[in-house]
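>>> Structure, please.
(one chain, ligands or ions: 1)
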Amino acid sequence: MQLTDNQRVTQVSDNQQVTTMSNLHKIDQSNIISLITNMDEKNLNGGAFTIRSKRTGKDYTFKISHKPFNGFNYLHTKVETEYMNFRYMGYYREGQIMRRDKQTKQLKVVDTPASTAISWFIRMIKAGNFDILRNGVDIFHIGKCLKCGKPLTDSTSIEYGIGPICRNK
Ligand SMILES: [Zn+2]
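Here you go, the predicted structure:
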């Protein structure tokens, strides 16, 4: 079932709970692991997913993408701040989200609740701590392909969170 945008939008007064839970499709974490661990993945371009803490119920919606720079493929992260509006946080490096300050040109650790959540998530996946992940969070997609961001239409794609073209790459 395709949900219209009207069904998805909630009133947004702050940075939390931007996307309603009702439109989210719960997925097994295995569907997202290869996107993060395969750094040669060239087609990862900002598919969105929601991570909800089982303990606190707090959730964030993220987008991740791979971009090569100087021969190295960086994993970039964005967080949803308003409905389908994503703010760049930084790239993943050595367990943290890093970003170069535009003024001072210095590399800084991005230390916000959202960056802490996504860096923990990536760390757990890279370390293979899948039980900790499974016990700690639920993962959802928002009806769009985790890899390329295009709308998912058939039931198999919705189950996996990845469209037919991206599944076969
Ligand atoms: Zn796709």
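>>> How about the contacts made by the most centrally placed residue in the chain?
With distances taken as Cα atoms, centre = their mean, residue 62 lies nearest the centre of the chain, 3.5 Å away. When contacts are counted by Cβ atoms under 8 Å, 6 or more residues apart in numbering, residue 62 touches 48, 49, 50, 51, 77, 78, 79, 80, 114, 118. C-betas here are computed from N, CA, C, even on glycine.
>>> Restricted to helices, list those.
Using DSSP state H, 114, 118 are the members of the contacts of residue 62 that sit in helices.
>>> Among the contacts of residue 62, which one lies nearest to residue 142?
Nearest to residue 142 among the contacts of residue 62 is residue 48, at 5.3 Å by Cβ to Cβ.
>>> and the residue sitting furthest away from the middle of the chain, helix, strand or coil?
What lies farthest from the middle of the chain is residue 104; by Cα atoms, centre = their mean that is 28.6 Å. Classification of residue 104 by DSSP: H, G, I helix; E, B strand; the rest coil places it in coil.
>>> Next one: it from the ion, what distance?
Per Cβ to the ion, to the nearest Å, residue 104 is found 38 Å from the ion.
>>> Repeat that for residue 70.
Residue 70 sits at a distance of 27 Å from the ion (criterion: Cβ to the ion).
>>> Give me the subset of the contacts of residue 62 lying in strands.
Among the contacts of residue 62, the members found in strands (DSSP state E) are 48, 49, 50, 51, 77, 78, 79, 80.
>>> which one among those residues gets closest to the ion?
Ranked by distance to the ion (Cβ to the ion), the ones in strands among the contacts of residue 62 are led by residue 48 at 11.8 Å.
>>> For residue 95, give me its contacts.
Applying Cβ under 8 Å, 6+ apart, we find residue 95 in contact with 119, 123.
>>> Now the phi/psi pair for it, please.
phi 90, psi 0 (degrees, to the nearest 10).
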